[in-house]
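Peer 1: Got a sequence here, can you model it:
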Amino acid sequence: MKRKNLLFLAIAFLATFSLASCLNDDYESKAKLPSAEELKAASKLIQGSYQGKIYQYGLNDRTGKLEKKDSVNSSWEIKDDSTLVIRNFPSRMLAANIKDSVLRKTIAALPDQEIKCAIGVYNVKPILFLAAPYAINLGKMTYKGQVHDISIHFRFDPSFTYGGYDTESKTTACYLKGVGVFVDGVFDDLATSPLTTFLIYSKPKL
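Peer 2: Numbering: from 1, shown residues only. Below is the predicted model:
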């Protein structure tokens, strides 16, 4: 548990520090950026298959604080220097913050989803990477009494949607922010409550 907490804190602190440096001190940050060779080596090191858990967090209606709502075993793979694939992502988690009860139940009843993310390593000590999930197209569903094309989108926020790899324990962790509902290709801000936070955390790399 201590190792896990330390890894999370390190990811949060170093990601924030790294991004702030790029924004506030352009010259100095450029001087400290990893070389192309270092980034390539780090990208290759983290490639492989992982087993672990997906944790879902949401706001407590009473306290307004973030708390764990759900968790499930899962697996994922960093296939190359730009692709992370998360398997067995429960549809019930994707539907958790959808307000419309019919749409929520319909999505929650779907099979587990596979989520593909574009990733890019930007720091090597420790290894940190940005993660941008692609949209999940769910097909035609009934929403507000009519049939529409429904898709789920995650939010990409460089200050929050990122991950890290601990070279000592060979574990990885990644934060994702979602879920937003798109109806016929248009974002419906009335369809969801505040965005859910997801954390994937692995056992040592296989």
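Peer 1: Dig out what the residue lying closest to Arg155 once chain neighbours are set aside forms beta bridges with.
Peer 2: Spatial nearest neighbour of Arg155, excluding adjacent residues (C-beta to C-beta, 6 or more residues apart in numbering): Lys177 at 4.3 Å. Bear in mind the C-beta positions are built from the backbone N, C-alpha and C, glycine included. Bridge pairing for Lys177 (DSSP bridges) gives the partners Arg155, Thr197.
Peer 1: now Lys177: how far from Ala191?
Peer 2: Counting by C-beta to C-beta, to the nearest Å, the separation of Lys177 from Ala191 is 16 Å.
Peer 1: And the two? Which one has more around it.
Peer 2: Neighbour tally, Lys177 and Ala191, criterion other C-beta atoms under 10 Å: the higher count belongs to Ala191, 20 against 17.
Peer 1: Is the closest residue to that one other than its chain neighbours inside a helix or a strand, and which specific one?
Peer 2: Spatially, and ignoring its direct neighbours in sequence, Ala191 is nearest to Val181 (3.9 Å; C-beta to C-beta, 6+ apart). Per DSSP states H and E, Val181 falls inside strand 171-183.
Peer 1: So what's the gap between that strand and the chain middle?
Peer 2: From the chain centre to the centre of strand 171-183 is a distance of 4 Å (C-alpha atoms, centre = their mean, to the nearest Å).
Peer 1: counting contacts, what elements does it pack onto?
Peer 2: When contacts are defined as 3 or more C-beta pairs under 8 Å, 6 or more residues apart in numbering; DSSP states H and E, strand 171-183 packs onto helix 2-24, strand 127-133, strand 146-155, strand 162-166, strand 196-202.
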